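Visitor: when you get a sec, could you give me coordinates for this:
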Amino acid sequence: MNEQPLAPTISYAGPGKRLGGFVIDLMILTLLALVLIPLTGVQLDDPETLGSTSAFRFANLAMVGVYQIGFIATRGQTPGKMLVSTKVVDAVTHQLPSLTGAVMRFVVPSAAAFIPVGGGLITMLVYAWLLWDPRRQGLHDKAANTVVIDV
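Guide: Residues are numbered from 1 along each chain as shown. Reported below is the predicted structural model:
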C-alpha cells in the first residue's frame, strides 16, 4: 500500500477567542494612545478637540495600522492573539499572510468605519460574518484570503 501523509488538521478559532484577543489588543492600543496623544497636540482635558482633531484621528489610525499590519505580516499574531493562542494564516497555504493580506485585513474594517451613514453597522457586519461562516472568516479575512486558527 502507498499511504499518503495526513494533512494537518486546522482548528478555526472561535468567536470567543477572537473577541478575547481583540479586547486585549484594544487595551494595549488604548494605553499606547494615552502615551502618544499628547504628541499630537490634543489636550486630554478638552473633550471637544479630543473627538474632532484630525491629527488625533490620523495618529490613532496610523498607530492601529502599524500595530495590526506589522504584527500580522511578521508573526501572524498580535499580542492579543498570542495571549489567546490564535494566529492569522493564509487560507490556502496556512503560512504567514502576505503583506498585502495583512493590509487588507486592516483596511476593510477601517474603511467601513469611515462611511458616514451606517459605517458602524457595516463594520460590525465585517466582523460578525464569522458567526455563520464555515471557516469562521470575517469579511476582512475573506478579502485578505486569511483564516484565524487555534495554535
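Visitor: going forward, measure contacts and count neighbours with C-alpha atoms only.
Guide: Noted.
Visitor: and A102, how many residues sit next to it?
Guide: 28 (other CA atoms under 10 Å).
Visitor: pretty sure it sits against Q77.
Guide: No. Here A102 does not reach Q77: they are 10.7 Å apart, not a contact under CA atoms under 8 Å.
Visitor: element containing I149, please.
Guide: strand 146-150 (DSSP states H and E).
Visitor: okay, helices next: where are they in this structure?
Guide: Taking DSSP state H as the criterion, the chain carries its helices at 15-36, 47-52, 54-74, 79-84, 99-113, 119-128, 139-144.
Visitor: wait, which of those is closest to V92?
Guide: helix 139-144 (11.3 Å; CA to CA).
Visitor: give the buried residues for the closest one.
Guide: Neighbour counts over helix 139-144 (16 or more other CA atoms under 10 Å) mark 139-142, 144 as buried.
Visitor: show me what it is packed up against.
Guide: helix 99-113, helix 119-128 (3 or more CA pairs under 8 Å, 6 or more residues apart in numbering; DSSP states H and E).
Visitor: out of the ones you listed, nearest to R18?
Guide: helix 119-128 (9.9 Å).
Visitor: what residues of that closest one count as buried?
Guide: Result for helix 119-128 [16+ other CA under 10 Å]: buried residues 119, 122-123, 125-128.
Visitor: and for stretch 126-136?
Guide: Going by 16+ other CA under 10 Å, stretch 126-136 has these buried residues: 126-130, 135-136.
Visitor: could you export stretch 103-111 as CSV, CA atoms only?
Guide: What follows is stretch 103-111, C-alpha atoms only, in CSV (Å, rounded to 0.1, in the frame of the first residue of the first chain):
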residue,chain,number,x,y,z
VAL,A,103,-3.0,45.3,4.8
MET,A,104,-6.4,44.1,3.5
ARG,A,105,-7.3,42.7,7.0
PHE,A,106,-6.8,46.2,8.4
VAL,A,107,-8.2,48.3,5.5
VAL,A,108,-11.6,46.6,5.1
PRO,A,109,-13.0,47.2,8.6
SER,A,110,-11.2,50.6,8.8
ALA,A,111,-12.7,51.8,5.5
